[in-house]
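Peer 1: sequence plus the predicted model coming up.
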There are 2 protein chains.
Amino acid sequence: MSGASLIVPIILSGGSGTRLWPLSRESTPKQLLRLVTGHTLLQDTALRVARLGIAAADVAPPLVVCSALHVELVSAQLRAVEVAPAAILLEPAGRNSAPAIAAAALHCVRTIAPSGVEPLLLVLPSDHVLLDVPAFASALEAALEPAKEGRLVTFGVVPDRAETGYGYLRRGAERGGWAGLDAFVEKPDRATAQSYVDSGRYLWNSGMFLFPAHALLRELAEHASALSAAAERALEQAEVENGFVRLGPAFLDCPSISIDYAVMEKTRRAALVPLAAGWSDVGSWAALHDVLPKDRDGNVAAGDVMIESSTNTYVAAHSRLVVAIGLHDVVIVETDDAVLVVAREHAERVKQVVEALRSRPPGSPRKV
Amino acid sequence: MSGASLIVPIILSGGSGTRLWPLSRESTPKQLLRLVTGHTLLQDTALRVARLGIAAADVAPPLVVCSALHVELVSAQLRAVEVAPAAILLEPAGRNSAPAIAAAALHCVRTIAPSGVEPLLLVLPSDHVLLDVPAFASALEAALEPAKEGRLVTFGVVPDRAETGYGYLRRGAERGGWAGLDAFVEKPDRATAQSYVDSGRYLWNSGMFLFPAHALLRELAEHASALSAAAERALEQAEVENGFVRLGPAFLDCPSISIDYAVMEKTRRAALVPLAAGWSDVGSWAALHDVLPKDRDGNVAAGDVMIESSTNTYVAAHSRLVVAIGLHDVVIVETDDAVLVVAREHAERVKQVVEALRSRPPGSPRKV
């Protein structure tokens, strides 16, 4: 290939988002909420790629993959920020990232760039925060070279703390703007996480990728053949109308696995590009608090809130007055049917609590 | 006097109760709330005196003094527990305890015991908790002797901690079941409070009294003559109907002062009887938490509540699910228009916050 590359953003909006309960619900997962800016995370993701200034590549309209349950919200939110997607692929049920990416890649090579061009799929979760867009664009430019050489590029976030909630990527041999990918490492304990950060060799696994489309499809066929075949059938069964691609029932035959597990841990063509762009997966209320602007006591107040004698709190009132007095490192989220009060250090436990609420006996109010 | 004495309970229900916001409101102050038992504090107070077993005295039906704003709630709550008061005196506006007690004392000597009998007025705030009723009855029996001798008896609570939120009473010379009253002492600092408790000479000022009615009226006329005269005019102006005594506008001429300040600090006829009966003024959410039965982690849950990894919390949900995770020494009170989350040690500050809410600009939701 020569000349300008074609980047096709694949925005993954299939998450169900229990970690930001009681604001995130089955009907309105995290990516469809206004959490950080005046836009939802999905809108911010779509605008980020729409406004990317990359000299060495053209950026196509995005392909969006979401649950069929959220089709109206997703399309309304994109319309509201004047982003016209190339298509919205609707999953009959969530199957993690690999099936969604497989279906999007197939749709892309058949409809968007069918004529021998090798599109570069920029895979982006729709529910992450990236504060430094120019740094993101630079990382993307650095990823073009290995991607154009047929490598599957994963973006590894340069860690700024010994986080135990993420998986890590170990850098291999340096190749200029990118590196080999030595290994995927599971979530470490605190001491191990600190040694990773100190070594400079480990990056957070962000779930963002740049994939040459045909190379990815070949790797999927090799390492995840059943998944690949089921995704292909789902696309053949699809009902296509007005830019919506309603994936067929074969999609449910795909195993529910991540692209890391299906391909990245197995391929010999992986590459790693570091990213230092104010990234957060907003994976808990504490993580959201971290990325928001705070007052001088570290407090964040949203809505009809009064905060007194408190430090490092996040207080969000959506339907009623909330008063917080004498609290430290606490998150309070009020909605019209539930209130959460959680110590920041326990924010990860919200997910389990929501699961416990879901298992309440029939007839109980579920509120999830 | 000889033979059985006549005890006339005077239940003071005029408090406006901002300390238990957001549950206590102008329209439903603390004494009209179900906080500890299945009854409201007013109902528990009325039942406590209705069921007093005192050998040496007859107990008349109570006189209740409350704000005219609360007449319907107060009479409905008394009816619900089948307590028929001798009368309900309605204040056009609150003027602290001295005017309320003066009006009740005058009403008592004119209507309940007009024929030379010296009724003993058992003055009880309606918003306190007394867990040990037999101990209360014993203290009352000990108070009969000095009261029948014409002394104004104040009940002093035996302190079980170095409380800085109460005034203290210093015991004078011992006289058997009672003592002289040496001095009223303002709220002390922590070290002073500890020295008071250690000395054994100091008791908490509870606001409970046993007053010979005529002796009290004489002391009021001597030490608070303007108040006494205004209370008398208010009663002359009163509209009386169906057991309701609607005090006239002269009541507003009474200075707003406590009976301690108006009489007890000035009289030479004060007596002090100790009381160790599980008393609490329920003066804050922390104080309420203290008197409630707790689980083994010190938590109290009321309503649709889930508490995880927390100790010493009080969580009350009145209209929605409340989830608390990883909290220690925290109070959460949820109502249909406001949520309070306050560290126990800051519970006293709720009053100031409510005052700040009251001073919000016109048009703001007041929620107080």
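Peer 2: Structure's in. What do you need?

Peer 1: quick one: A:Ala271 from A:Leu120, how far?
Peer 2: 12 Å (Cβ to Cβ, to the nearest Å). (C-beta placed from N, C-alpha, C; glycine too.)

Peer 1: next, show the common contact partners of the two.
Peer 2: Common contacts of A:Ala271 and A:Leu120 (Cβ atoms under 8 Å, 6 or more residues apart in numbering or on different chains): A:Ala147.

Peer 1: these two - which one has more neighbours?
Peer 2: More crowded of A:Ala271 and A:Leu120, by other Cβ atoms under 10 Å in any protein chain shown: A:Leu120, with 28 against 25.

Peer 1: which residues does the more buried one bridge with?
Peer 2: In this entry, A:Leu120 is beta-bridged to A:Ile7, A:Pro212, by DSSP bridges.

Peer 1: any stretches of the stretch 1-150 of chain A with poor pLDDT?
Peer 2: Across the stretch 1-150 of chain A, the ranges flagged by pLDDT under 70 are A:1-3, A:113-116.

Peer 1: what parts of it come near chain B?
Peer 2: Selection of the stretch 1-150 of chain A residues close to chain B by Cβ under 8 Å from any Cβ of the partner chain yields A:Pro22.

Peer 1: the residue of the stretch 1-150 of chain A found nearest chain B: helix or strand, and which one exactly?
Peer 2: Nearest residue of the stretch 1-150 of chain A to chain B: A:Pro22, at 7.7 Å (Cβ to the nearest Cβ). For A:Pro22, there is no helix or strand it lies in under DSSP states H and E.

Peer 1: so what's it up against?
Peer 2: A:Val333, A:Thr335, A:Asp337, A:Ala338, A:Val339, A:Leu340, A:Lys367, B:Leu321, B:Val323.

Peer 1: and if you look at A:Thr313?
Peer 2: When contacts are counted by Cβ under 8 Å, 6+ apart, A:Thr313 touches A:Gly298, A:Asn299, A:Val300, A:Ile307, A:Ala324, A:Leu327, A:His328, A:Asp329, A:Val330, A:Val331, A:Ile332.

Peer 1: same check, this time on A:Val341
Peer 2: Taking Cβ under 8 Å, 6+ apart, we find A:Val341 in contact with A:Val330, A:Val331, A:Ile332, B:Val322, B:Val323, B:Ala324, B:Ile325, B:Leu327, B:Val330, B:Ile332, B:Val341.

Peer 1: tell me if it really is in a helix.
Peer 2: No - counting by DSSP: H, G, I helix; E, B strand; the rest coil, A:Val341 falls outside a helix, being strand.

Peer 1: any idea of the pLDDT on it?
Peer 2: Listed pLDDT for A:Val341 reads 98.

Peer 1: what's across from it in the sheet?
Peer 2: A:Ile332, B:Ala324.

Peer 1: how near is it to B:Leu327?
Peer 2: Distance, A:Val341 to B:Leu327, by Cβ to Cβ: 6 Å.

Peer 1: list residues touching both of these two?
Peer 2: Common neighbours of A:Val341 and B:Leu327, using Cβ under 8 Å, 6+ apart, are A:Val330.

Peer 1: on that earlier part again, tell me the one among the contacts of A:Val341 nearest to A:Thr40.
Peer 2: Taking Cβ to Cβ as the measure, A:Thr40 lies nearest A:Val331 of the contacts of A:Val341, at 20.0 Å.

Peer 1: what is the burial count for the closest one?
Peer 2: Neighbour tally, A:Val331, other Cβ under 10 Å: 26.

Peer 1: repeat that for A:Ile307.
Peer 2: Each residue near A:Ile307 was counted by other Cβ under 10 Å, and the total is 21.

Peer 1: which residues sit in contact with it?
Peer 2: For A:Ile307, the contacting residues are A:Asn299, A:Ala301, A:Thr313, A:Val315, A:Ala324, by Cβ under 8 Å, 6+ apart.

Peer 1: which SSE is the second one in?
Peer 2: Using DSSP H and E, the element containing A:Ala301 is strand A:300-302.

Peer 1: helices or strands next to that strand in the packing?
Peer 2: In this structure, strand A:300-302 makes packing contacts with strand A:314-317, judged by 3 or more Cβ pairs under 8 Å, 6 or more residues apart in numbering or on different chains; DSSP states H and E.

Peer 1: so how far is the strand it packs on from its chain's centroid?
Peer 2: When C-alpha coordinates are averaged (Cα atoms, centre = their mean, to the nearest Å), strand A:314-317 and its chain have centres 24 Å apart.

Peer 1: what helices or strands is it leaning on?
Peer 2: Using 3+ Cβ pairs under 8 Å, 6+ apart: strand A:314-317 touches helix A:285-291, strand A:300-302, strand A:305-308, strand A:321-325, strand A:330-334.

Peer 1: got those as CSV, with mean pLDDT columns?
Peer 2: Shown next, in CSV, are the helices and strands packed on strand A:314-317 (pLDDT from 0 to 100):
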stretch, mean pLDDT
helix A:285-291, 95
strand A:300-302, 96
strand A:305-308, 96
strand A:321-325, 97
strand A:330-334, 98
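
Peer 1: can you give the domain ranges for chain A?
Peer 2: A:5-280, A:285-358 (automatic domain parsing).

Peer 1: quick check: end-to-end length of the longest one?
Peer 2: Using Cα to Cα, to the nearest Å, one end of domain A:5-280 lies 28 Å from the other.

Peer 1: repeat for the shortest one
Peer 2: In domain A:285-358, first residue to last residue: 20 Å (Cα to Cα).

Peer 1: and the helices in chain A?
Peer 2: Assigned helices in chain A, in chain order: A:41-50, A:71-80, A:97-107, A:133-148, A:190-199, A:213-223, A:225-236, A:259, A:285-291, A:350-358 (criterion: DSSP state H).

Peer 1: not counting the fourth one itself, show me its contacts.
Peer 2: Taking Cβ under 8 Å, 6+ apart as the criterion, the residues outside helix A:133-148 that touch it are A:1, A:5, A:7, A:48, A:51-57, A:118, A:120, A:122, A:130, A:153, A:155, A:175-178, A:210-212, A:271, A:273-278.

Peer 1: just the second one next, same as before
Peer 2: Contacts to helix A:71-80, defined as Cβ under 8 Å, 6+ apart, come from residues A:13, A:28, A:32, A:40, A:42-43, A:46, A:64, A:66, A:84-85, A:88, A:90, A:244.

Peer 1: now the shortest one
Peer 2: For helix A:259, the external contacting residues (Cβ under 8 Å, 6+ apart) are A:Ser97, A:Ala98, A:Ile101, A:Val123, A:Phe209.

Peer 1: repeat that with 6 Å
Peer 2: Contacts with helix A:259, where a contact means Cβ atoms under 6 Å, 6 or more residues apart in numbering or on different chains, come from A:Ser97, A:Ala98, A:Ile101.

Peer 1: what pLDDT does the spatially closest residue to A:Leu181 that is not a sequence neighbour get?
Peer 2: Of all residues not flanking A:Leu181 in the chain, A:Ala270 sits nearest, at 4.0 Å (Cβ to Cβ, 6 or more residues apart in numbering or on different chains). Model confidence at A:Ala270, given as pLDDT, is 96.

Peer 1: what distance do you get for A:Ala270 to chain B?
Peer 2: 38 Å (Cβ to the nearest Cβ, to the nearest Å).

Peer 1: ok, that residue - contacts?
Peer 2: A:Leu152, A:Leu181, A:Met264.

Peer 1: mind running it again at 7 Å?
Peer 2: Contacts for A:Ala270 (Cβ atoms under 7 Å, 6 or more residues apart in numbering or on different chains) come out as A:Arg151, A:Leu152, A:Thr154, A:Leu181, A:Met264.
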